[in-house]
Every structure is written in C-alpha cells, then in structure tokens.
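Student: Predicted model, plus sequence, below.
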Amino acid sequence: MQVMVELVINHTSDQHPWFQAARSAPPGSPEREMYVWSDTDALYKDARIIFTDTEKSNWTWDPVANAYYWHRFFSHQPDLNFDNPRVVQEVIDIMRFWLDMGVDGLRMDAIPYLIERDGTNCENLPETHAAIKAIRKAIDDGYEGRLILAEANQWPEDVRPYFGDGDECHMAFHFPLMPRIYMALRQEDRLPITDIMAQTPDIPESCQWGIFLRNHDELTLEMVSDEERDYMYLAYSADPRMRINIGIRRRLAPLLDNNRRRIELLNSLLFSFPGTPILYYGDEIGMGDNIYLGDRNGVRTPMQWSGDRNAGFSRAVPAKLFSPVIMDPVWGYEAINVEAQQSDPSSLLSWMRNMISLRKLFQVFGRGTLRFLHPENRKVLAYVREDEQSTILCVANLSRFAQPVTLDLAEFEGMTPVEMLGYVEFPAITKAPYHVTLTSYGFFWLELQPAPARNGREEAPDGAAQLSLRHDHDWESVFAASGRVLEERLLPDYLPRQRWFGAKSRTIASTVVTDWGPLSPGSSIALAVLEIQYTEGEPDVYLLPLTLLFGEAATALRDSSPTAVLGSVLAPGKSGLLADAMYTEEAGTALLEVIAHGGELPMRKGALRGTPSSIFAGLRGEAATLPPRRSSAEQSNTSLFFGDRLIMKLFRRIQFGPNPDVEIGRYLTETSDYRNIAPFGGSIDYTVNGEEPATLAMLQGLVANEGDGWQWTLEELDRYYEGARASQFPPAQLPKADAPIVSASPAMVHARDAAGIYLDAACTLGRRTAEMHLALAQPTDNAAFGPEPMSVDDLRMLEKGLVAHGSHAFDVLRSSLARLGDATENTVELAGLVLSRRRAILNKFSALPSAGAGALRTRVHGDYHLGQTLRAKGDFVLLDFEGEPARSLAERRAKQSPMKDVAGMLRSFSYAAYAALARSTQRRPQDYDQLEPWARLWEAAVAGEFLDSYRRTTAGSSIVPANQADFSQLLDVYLLDKALYELVYELNNRPAWLRIPLGGILQLSRGPVA
Amino acid sequence: MSKIDTEPVVRERELVGGNGEELEAQHSARAAAQPASALFAGISGAVDAEQLRARAATLEGSGMLGGAHLTLAYPGADTERVTIGPGVDLLSYPLPSGEGGASPWVQTAAAEGALLALSAESQAQATVVLHPDLAALSPSMLMQLARPILTEGAGLVMAGYTQGPFDSLVTHSILAPLTRALYGKRVRYPLAPDFALAPRVAARLAMSAHSGVSPVLWPTTVAAGLDAVVVEAELGLQHPAPPGVDLSAAITQLAGSAFAEMEAHAPLWQRIRPAVQAPTPLTSRGPAATEAHSIDTGPMINSFLLGSRSLQDVWGMVLPPVSLLDLKRLALLAPDKFRMPDELWVRIIYDFALSYRLRTINRTHLLGALTPLYLGWVASFVNEAKADPAFIAEARTERLARAFEDGKPYLVRRWRWPDRFNP
C-alpha cells in the first residue's frame, strides 16, 4: 500500500496563524504579504466565482486588515500569495515535511488558481506553471519515486500544460470526462464520451491521467455547455437539494438509481479507459448519500464498514459523530457495509475486487493507446486499447435494452477475441463484419489473441497420436500405417484452421485420404487428395500438398508458420513435423517442374498430368532458377510467385471437370490475339478411375501492375470526393435523389471534369471488355466456345430463372426488414420503397424475350467486376475466369449473354462510388448527404463512358443487340438481376452496405441506365 | 529421490535440434573461434576445498574452456582470489547462514543469491551455478551448460538428469508441467541445481532473490519474463537426494513457492500460450513396469483415503463440486484400479494455486491438504506402470504436461473470476 495525501497549496483557513498574523500586520510587511490583499474589490474582476451558491465575490472585506482579501473558494479560505517567494518556499517546506514522513504522493488541490493577474481569468497563468515547476524540482532533487497529482478542473487542453514537458505534475485528473460518461449513459449515446476523448491531447510518456466516476466534491458541471448542464440537472438531480454550486452532490449508486448493471458498466468504462482509475470511498460497496446535509457533506458520510454501531466507523457515542451515518432501509449501513459484502461472493465489492485484479494483469489498460470504432449503432461504445503486448477490444452497451452491433474488425483478421473475465473464446475475426449482441448495460472486454496456439501442436510422444516413421520420407507410414491418426485426428483439427478451407461453418463427419503420391520417388513432398464428408450436405474434395521436415527446417517452419503444421513425426533418432508443403520452397519448385516437364506422374490410384502451354518457355524465361514465394493474400486458393515471371494458383478445393479459368485462359492465350489477360502458362490435372480430370494448379505469366482495379478506383474516388468537398459548385444545381441525371447538365459537366483520368480508364476498360467478348465469340470448332444464338426457349427459361431469383430476393428482404434496426433508418426507407415496387421491378424481366431476340450466347467472364482487373501501364488486364464460386461447374461453363459481364462491371462502378463515399465520410458522417449526389454523377459519367466504348468496339458484331433500345432493355435485365443478387448477399453479410444495391434497384425501377 | 551419474549425453532443446555429435563439433568450433570470455561458476553449498582445487586444476589443464577465463566461487572463508592457472581463479564467498531449520531449497537459494551478486561484480558473460557435490564440475559439463549462453544467444540453460522412472515425482507431476504450462518453457527440472545464465537473466534473478516473493529461486520464470531462450542440457548424472526432508514439507515448500511465483507473475503467464514445439525423443527414463511392481501403493492409497475422510472441509473450500465428486468416485475404486485422471490432477493443482492466492485458508494448512492428493496421484502413476509393460515414465509425464497446458484456460478463467459458484 502506498499513501497519497492532499496538499492544499492555494489557500489556508482564515484561522491559520499566518492569516491571523497577516490581518494585523501593516501593509507591505512579510506577514501581510503571505496573502493577496486589495483596497478594492474591483481587481481581477474577470475571474469567475466557483462556489456560486455561497459566495458573491472573490473578495471579502476584513475589518481588522482594513482591506479586501482574495479567495477563489470560500471566504474562510484566503488565497496564499504565490507572487511572494516566501510562500513558495513555505509550501516546499511543508511538502518536504510530508515526503520526509514517507508519503508517496501529493494531491495538489486547486492548482490553476495560484497566481492572479488583472485582465485575465486568473487561471492557468504562466506564473502558476513556474511555481509548480519549482515545487516539482524540489521533489526531484530530494526524493525518488514520489508523485504529484494535479486537481485542475479545466478542459483537457488547459490541463495539458500542467504536465509540462514531464517537469510539472506526474498526474492530473480528467474532469470533463466524468459528466460525459453520465450523459452518454442517460442519453444512450456514445457521442459525449467519444467527443471529449477526441479533445484529450497526448501527454508526456512519464505522465498519466487520473480518471474517476465520483469524488468528494459535487459532480462538477463546469466543463459542459449550458445545454448539457441543463440536461444533466434534469437527468440526475430531480430534487433541487441534490444540486450545489455548478454540479450535483450525489454518490455513484444513487445517481444510477442503485442499478447494479449500470454501476458495473460505468466502472467497466472507468477501468478500461486510459489513465489511472480512482475510486471514491464507499462507491466500491454502492454506498448512498444524504442530500439533507449541508455543502457536500452528503457524499462524505462515514464509511460503512460493518453493521455495528456507527457502521463500524467510530466507537463514539452516535450523537457525537461529526457526520451522521446513513441509516435508511435502502442505503443504510445495516444493508450496505463492507463486512457483509466481503462474505458475499456476488456482492458489488467482490465484483470490484475481481475487476481491479483483472485490470492489473494488463498494463495496456493504463498505458495503451485508445482508438474508438464507429459502429452504426451509437448506443454501443466500442474501442480498442493497444500496446506492444496486448490488443483489447472493449464493447459497452449504454442502453437499457439489449443491443446488436456490427464492428469492422477486418484489421484484426485471423485473431480470436477471448472474453477476458471468463477467458471464453469468441468466433475468430474475419474480413466480414463482426456481429456482437450485448445485454442491457452489458459490456465485453475481449483480448484479441493470435490464432490458438493449438495450431501445429505436436502429438504426445508416447506413440498414441504421433506419426512414427521408419525413415525421413516414409510416406507409406504417414498415409497407411498411421493413416487413422492422420484422418481421424490431425486433419479434422487442421482443416478448419486453414483460410482456404471453405466449409468452416460445417461439421466434419469424416476425412478420408482417397489418393496420394510423392512428387518423385523419395521426395519430401507428397500430394494427398482428401474427401471430406460433413454431417449435412455434399462432400468436398480437397488437395493437400504435404511435407516432412526435420531439424532446423522444422524449427523454422514451426516458428514462422505454426498454422502450417499438422502434427509431429518421429523418425529414427530425430523428431520432425508433418506440414503443408506450400510453405516450403521445395514444393513450389517441384510443382513447377511437373508442368515444365509435362507427362504423367502416377499416384496410388490416379495420376497427375502436367501440361505446359505453347508459350510456357517464353513466359518462364532463361533464368536458371525461379525461387518460389508464397502470396500472403491467400483466399480459397494458394498462390505462388516464381521470381518476377510466373504465378501458380493451386486450387485447394478440387472439382472434376474442366476448370473455366484454365479453359478460358488457355483458349484466349493459344487461339486468339487477345492479350489483356494474364498469359496462360500451363496446368496440373489429376485423373482417377478414368473420370473427367480435375485441375489442381494453373500457371500464368506474372503481370507487372499497379494494383487491382478496385483499389485503384477507390483511390481515384478519394481524390474525386476531396475535390467535391472543396468545390464551390452550387448545391442547388446538384441532381435530387430521385431525379434522373441529365448528361448535359452543368453538374454532370463538372463531375466529368473532376473524374479526370478515370473517364479515360473507363473508356479503356469498356474497350478491353468488348475485345474479350469478341475473342470469346469468334467462330471455332471447339464446342465449349463457339457462339450460339439465344433461342426463344432459352430466353423464356432465363426469364423464368431470373424472376424466381428476384422473387426470392424480395422475400428475403421482406423477412429481414424487421431486423434492420433503427440505426439504418435511410436503408429501411429505401427497402420499403423497393418492396413497394416489387411487381414493377419483376416485370422488367419480361422484356427479356423481346430484347434478347437475336442475341448470342458465348462464354463470358462470369464474375466480372473491378476486383477482377489489374491496372497495368495505363491499361487493364482481366483476371480470374473461374466464374461465381458459389455456382456449379456446369453453370460457370454455360454460355451466356456478354451483357452479364457488362452489367457486372456497371454494378461494380456503383459499389466503388458508394464504398469510397462511405470511406471518405467516415470521419465526418455529416458530409454524406452533401457528397452523395457527386457519387451518382461519377457513377453515371463512368458508366456512360464504359458503355460508349463497349458499344463502339462491338459495333458490327451480333454478340449484343445493335439496337439501342434492345441493348438498354437487356442490360437493365442483367443489372437488375445482379443488384438483386447483391441485395441478398448484403442482407446476409453486410447490412451496412445494403443501401448500395437498394439504390441501384430503385434507379433501375425508374428507367433505363444506358 | 535421485541417483548418481552416468555418461554425459548432450540433449538440447528449443535452441537447436538434431544430431548431438555434430552439434558438439559445431559448438566446439564456434567456442574456439570466440574471443576469451569471462565465465563465472559458483558452487551453491558447502564443498570439500581440496577436492574443489583438484577439480579446478583439471579444468585448467583440460583446455576445453574454449579460451574462456573461469572464476570459480565456492563457500569458504578465504578472502584472497587464488589463481589456479592462467585460465582459472578460485574465489570464496561466505555461505549465507540460513535460519534454523531452513529447507535445503531455501539454503540453496540463499547461496545462489550470494553467487549471483558475486557474478554481477565479475561482469561474467555466463554464470554457471553448480550443485555442491561437484558432479557437474567437469570441463565437458561446464561447457554443456555455458556454451549455449556464450555462443548461441541462449538466456538460460537448465540441466537435465538421468533418473529412474519414479524419481523426482514432485517435479514431474507439479513443478515441471506447471512451469511449462504457465511460462511456455519446457524444462524438466525447473529447480535443477545446475544451470547457466546470461548476464541479463542473472541480474534479474539476483533481483528476484531480493524481492522476497519466494524463498526459492526460479530461473525459468525469470527467463520467461525476459523472453529469453531457454535450453536444456542433459548432463546424464544424478545428484543425491537432500537428506531428511519429509514429503509434506517438500510439497509445502516447493508447491508453495511455485504458487507464490504464480501470484507474482500473473500478468506474465496469462499472456503466454502453450509453446509449439517438436517432441523430444525418449532417452532418459526407460520402461518402468518391473520397478513399479516393487512399489507398494497401498500406503499411498490409504493416505489418500484418510485425506478424503478427514480433509473434506478443506478440499471443499478449495475444489469445485465436480472435482470433489471425482475424488469421491476415486475413493471407491479397488486399489489395483486406482487411477487419477490427468484432467482431475491438473484441476486440483490449479485450484490449490488459486486458493493459495486467495488465502482461502491458512496457506500451510492448504498445502498440507495437498499431500494426500499427491500420494493419490503417485499411486495412480505407479498403478499405470504396473498395468502396462510398455509404460515409459517420460512419455507419461509428457502427456501430463500437455494436460496442464490444455487445462490452462481453466486456471486463467478461475484466476480472473474466482467465483465459488462454478461447476
């Protein structure tokens, strides 16, 4: 235990010998000069009165001295004269007295008021800081490990100077935070807290804030606006007797209506905010107050230690107590006391003890950084505390009702939140929005931990669950002798931890290695084909390249990539690891060799076949070696770079039948002149039992690029919105929300100018898209590619399918409406509008048979959006012809109208416009409405440019309707289908983004885009 | 609980792995290439001075110190530094006088504290602490301990010993798995009397000696706090068991000290998660069935049963209902079927650690109530060995250590929210 005492240096009592001597001493004498005197009470008139209830002036006439004396507080507390060096010296001597007694810290009372100067408010003056520096220096010169805590009831920016450069006070109370915590709680809105914390400046490393919920004074409302003060009075002091000066004289528990959850919530904030929490005595057991006592004595009643006489505080006759104990049935000492709560493990005291112990385990609470998150639901306060050792996410519900909240935790992807009180693991964080539900006044402290350390843990060395090998590359033992260990223990544990494993939400019923083989005889690399059965649904087949590592290689992998480890192995005289081979260079090199050499490689049941493309040698180049490097951006596949020449995509989930990405890549590379794709370099296929082959890996030439089209577009849009924010363009001339955009309007002209080079880019992209479609539609004997006319039956079938899909989307929207919540009011409104136009919107699909008549079906990209493009040397390279991953292989290989791709890209422009808008207005949400018309203008301008270019390039071809009306109608059909698909996706995954497809659907319901 | 000496075997963990002879050769080559470095070795108890001088002369003449200058400190009254040769000096230090009746571990810790202070003055690049029986004071073993510090950047090297399957069971059932689960360091003998320290670890351990947290020094905890690399060197020897220590006193002293360390280092061990490491080939503690049959578990089980009758009140304050129920079931088993599941033992140790922290009852009484439970665990361990001809003690204790790791969330949960209302 360490002791801190209060040192009142601003003033003394009027009974102090110094003051009594000063009164009688002549003006100018050393005794008189200990205090501040004046012949007039007009001096320092700009200084406010602090105790407004009792004092009318800061001056009081003393008939003995025949002068006024200065007091910032009560008239019986005359201020010392810090302009007098003797006063400073006396204060230092008093301070030394206490420090010599062994006191560890000093709470310096009322320090902003030490010095007075006319024409100022007499607070925070430079001379005051000089006096504090002198006091601090005296401590530093003579003592170690002592502390000064400043009581300066000021705005944070005014308190900041009291830390100096680490040479004034070690700590200072953060006064304005306290009332705002109460305000946020009562208003059920986090804004008051986030606002004041945003105004809190950084302080020197050696300093710290003192934060508190209540103290021995009134809940001060000096540091709030008049309106906020009125609100606080109404909210927390129904009885006028609860008010004093500029504040509320109540304790924590009565302020919160003795609600345990509210008390716990506020303490959870106190313990998790940056600073040193300071508890006021009695608040740890929920003591009450006595508003019938004068001044602030109502919150200064005796500590309620026990149910004994005088609450165990004193053995005096009760009538002789200076302050009466509280005795009413709710707050009285017989109901609330330490002794009783010590014996009750569920008491507030026990809770506080546990919380304090928990907080002390984590230095991050005191010293870490604070960063607020900005979920849409403002009833929830979410913030991240972070230091070098820990990252903690705190989420608090300020509402009296349960609240859902969706947090953007993408930056912590891969980490697992562990609830700190119960050490309970929550679902791992992914890029997707993270949903949390909080009970009324509930809070979570979640420690964000790296992926569980079980990853890669070896099995016991007693042979029970470890793979024993006869030699270093004994794959027979891995797959045969110990197969049960691999299939029953290692793989079910390993697979769900892999990012590429797509069935994390499904329960694995069994894992069977259906085939395997080393990449060469005696190789340390083997490929395994796994069939995974789930408790429900269809099985999956996965490819898993494996390696056996020993010695330093094992240690290195274990340290760098523990998630790659399946388990341990024991070979004669040494131990090692069984791991995912894609983390080793050897695997990449071996797989590249399989393609380079071509030919067949037998496995236990099936075979691998490597096939280089006709341009493989040129792509690979002359380099003797191409060191492989694993891409960090692993998704459902694993990618390897080979030097700066090649990229290999290893398909983890394998599907039998032609892979569209390989098929189209090879076709465009080897049979067309189209060059705006990543050139196809070769593939590895797997066949078994004479069935259709499955593609395991695809090799492509590496394209130098400046990033993907999506990111590049967002960056361009950031600049666009910056310009729009500063633009002087009259807001009245901007298009209204539901009005069509006129291409020749001044606003559009302005927007086109502002969009700048992006319009050129859209033009290029339109041309490249059209060229791709033309290349895919060229006549050929290859049945998989030749264009086919769309028959009437085709169009009717398509219409039926689109209507069914659209109806489903409307059903999902209607059933989800109730859970959208009031946090997304605009979205709810938009959703209502869309639902009200259901019939009209679905009728749009009826245009398909007439508009599509005569159009062609060809192979298309199938999942075309900005993210599937690379920005390269002012041009675009188109990627990833796999199609929509959720669809079946047959659907992805089906021939369709190229308009599907065109619609996909137009919707992507829309997404980019609104995603960038959301990003751009994240800090200033109030700008959203101002900038939203600019988003629509950009989208219209860019879409127009893209379509013009596309149509110019396809002119004369029959792949899309030549007639403008048919083109527009067909495009609208596909746009609508895409927007409805997005609607369902966002409802399920990102409700915050819902207004993008809703806006798109509404726009389409009004009229054609093109 | 231990026996003597066999041929030294190099076995180092964490820092290196693989073929022992190759490593030896690599290390020798690296050590030879190092500039002369100061090595401080201290004997942590009374020794025969003549025998020490003879050993020191052997060290001097061996040329195996790789150019390192050695200061060898021993308890004695000489005030002058004695030069044995250009490479070795002898230095005596006053052995701290332990309080009357102090346990051997406390006496050793006091000597270790004095040695660390001396070592700090010598500015040694590596400090080696050795058992007073001088079994490890050979050139090869000294360098086995010091070399990872001098040449590999290790922070702490703890000795490993060759023991029988039923030796040091307090260490194997409580101290080692607890250290491993809490601090992520796989050290089979966390209180090994032979160990080597890098200067920063030595300095922090010296501070720990003066902190008063625990009368016993825990080098591994200190190294974990500094995030230092910890290595184990298999010396292939055994020291004699400390004389005249009864089991209950040993458990009280050692488990109590480990629990005190837990309390002091809670922020540290709650951050550490089980280490991901390759298993170690089993070399030192062979099949145990034959030896097991010579051990009578009857008295141990009786002690457990007596405890389950007379200590219910204490156990009831410490253990949750599910553990008490498990113990009740255990008490009903026939002696040859008596088995204590690892998960139960782990929960018992963790709950006792928690009660130690919370001071649920007097700490001495608390630790005394652990002894019958420990005897129950030993009986279970021996019974397993009897029943399984292929029983390998080290493999079994490895499995127990993993159970401690797996149970760590239980400990953290209980520690952070020590509500009595739990399963």
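Tutor: Yes, it's here.
Student: burial measure for the closest residue to chain A within the stretch 51-200 of chain B, as a count.
Tutor: In the stretch 51-200 of chain B, the residue that lies nearest chain A is B:Gly184 (8.7 Å; C-beta to the nearest C-beta). Heads up, the C-betas are built off the backbone N, CA and C, glycines and all. Per other C-beta atoms under 10 Å in any protein chain shown, the neighbour tally for B:Gly184 reads 22.
Student: my guess is it meets B:Ala224, correct?
Tutor: Yes - B:Gly184 sits in contact with B:Ala224 when judged by C-beta atoms under 8 Å, with a separation of 6.5 Å.
Student: check contacts around the residue nearest the centre of chain B.
Tutor: For chain B, the residue nearest the mean C-alpha position is B:Pro190 (2.2 Å; C-alpha atoms, centre = their mean). Contacts of B:Pro190 were listed using C-beta atoms under 8 Å, 6 or more residues apart in numbering or on different chains, and they are B:158, B:171, B:175-176, B:179, B:218-220.
Student: Now for B:Gly184 and B:Ala224: what residues contact both?
Tutor: Contacts common to B:Gly184 and B:Ala224, judged by C-beta under 8 Å, 6+ apart, are B:Ile272.
Student: Backbone torsions only: list them for residue 70.
Tutor: Using chain A. Main-chain dihedrals, A:Trp70, degrees, to the nearest 10: phi -90, psi 130.
Student: I was after chain B.
Tutor: B:Leu70 adopts backbone torsions of phi -110, psi 130, taken as degrees, to the nearest 10.
Student: what's the answer for the one 4 residues further on, then?
Tutor: Note on B:Tyr74: backbone dihedrals following degrees, to the nearest 10 are phi -140, psi 160.
Student: count of neighbours near the nearest residue to it once chain neighbours are set aside?
Tutor: Leaving aside its sequence neighbours, B:Tyr74 sits nearest to B:Ile43 (C-beta to C-beta, 6 or more residues apart in numbering or on different chains; 4.5 Å). B:Ile43 sits with 28 neighbouring residues when counted by other C-beta under 10 Å.
Student: do you know how far the nearest residue to A:Gly643 once chain neighbours are set aside is from B:Tyr161?
Tutor: Computed as C-beta to C-beta, 6+ apart, the closest residue to A:Gly643 that is not its neighbour in sequence is A:Leu626, at 4.1 Å. Computed as C-beta to C-beta, to the nearest Å, the A:Leu626 to B:Tyr161 distance reads 51 Å.
Student: just A:Phe163 next, same as before
Tutor: Shown here: A:Phe163 relative to B:Tyr161, a distance of 55 Å by C-beta to C-beta.
Student: what about these two, which has more around it?
Tutor: A count of neighbours by other C-beta under 10 Å puts B:Tyr161 above the other of A:Phe163 and B:Tyr161, at 26 against 22.
Student: what's the neighbour count on residue 301?
Tutor: By default, I'm working from chain A. Using other C-beta under 10 Å: A:Thr301 sits among 25 other residues.
Student: wrong chain, I was asking about chain B
Tutor: When neighbours are defined as other C-beta under 10 Å, B:Ile301 has 24 of them.
Student: Chain neighbours aside, what residue packs nearest to it?
Tutor: Ranked by C-beta to C-beta, 6+ apart and with sequence neighbours excluded, the top spatial neighbour of B:Ile301 is B:Ala379, at 4.9 Å.
Student: That neighbour: how many residues sit nearby?
Tutor: B:Ala379, neighbours per other C-beta under 10 Å, totals 25.
Student: correct me, but it touches B:Asn302?
Tutor: No - applying C-beta under 8 Å, one finds B:Ala379 not in contact with B:Asn302, separated by 9.4 Å.
Student: tell me which strands and helices the helix or strand that contains B:Gln51 is in contact with?
Tutor: Counting by DSSP states H and E, the element that carries B:Gln51 is helix B:49-62. In terms of contacts (3 or more C-beta pairs under 8 Å, 6 or more residues apart in numbering or on different chains; DSSP states H and E), helix B:49-62 is packed against strand B:69-75, strand B:82-85, strand B:88-93, helix B:139-152.
Student: which SS class is A:Gln700?
Tutor: strand (DSSP: H, G, I helix; E, B strand; the rest coil).
Student: Return the residues in contact with it.
Tutor: Residues in contact with A:Gln700 (C-beta under 8 Å, 6+ apart) are A:646-649, A:665, A:678-681.
Student: need these in CSV with secondary structure, can you?
Tutor: Compiled in CSV, those are given as follows (three-state DSSP):
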residue, secondary structure
A:Leu646, strand
A:Ile647, strand
A:Met648, strand
A:Lys649, strand
A:Gly665, helix
A:Ala678, coil
A:Pro679, coil
A:Phe680, strand
A:Gly681, strand
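Student: about what we covered before: list the buried residues in the helix holding B:Gln51.
Tutor: With burial defined by 16 or more other C-beta atoms under 10 Å in any protein chain shown, the residues of helix B:49-62 counted as buried are B:52, B:55-56, B:59-60.
Student: And stretch A:975-987, by the same measure?
Tutor: A:975-984, A:986-987.
Student: Please convert the buried residues of helix B:49-62 to CSV, extending it with distance to A:Arg768 and pLDDT.
Tutor: Formatted as CSV, those follow (distance: C-beta to C-beta, whole Å; pLDDT from 0 to 100):
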residue, distance to A:Arg768, pLDDT
B:Leu52, 85, 90
B:Arg55, 83, 89
B:Ala56, 83, 89
B:Leu59, 78, 85
B:Glu60, 81, 81
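Student: Is whatever residue of the stretch 301-423 of chain B ends up closest to chain A within a helix or a strand, and which one?
Tutor: Closest to chain A within the stretch 301-423 of chain B is B:Ala395: 3.5 Å, counting by C-beta to the nearest C-beta. Applying DSSP H and E as the criterion places B:Ala395 in helix B:393-406.
Student: Name the next helix or strand downstream of that helix, please.
Tutor: Per DSSP H and E, the first helix or strand lying C-terminal to helix B:393-406 is helix B:408-416.
Student: which residues touch that following helix?
Tutor: With C-beta under 8 Å, 6+ apart as the test, helix B:408-416 has contacts from A:354, A:357-358, A:361, A:420-424, B:181-182, B:266, B:270, B:273-274, B:346-347, B:350-351, B:353-354, B:357, B:422.
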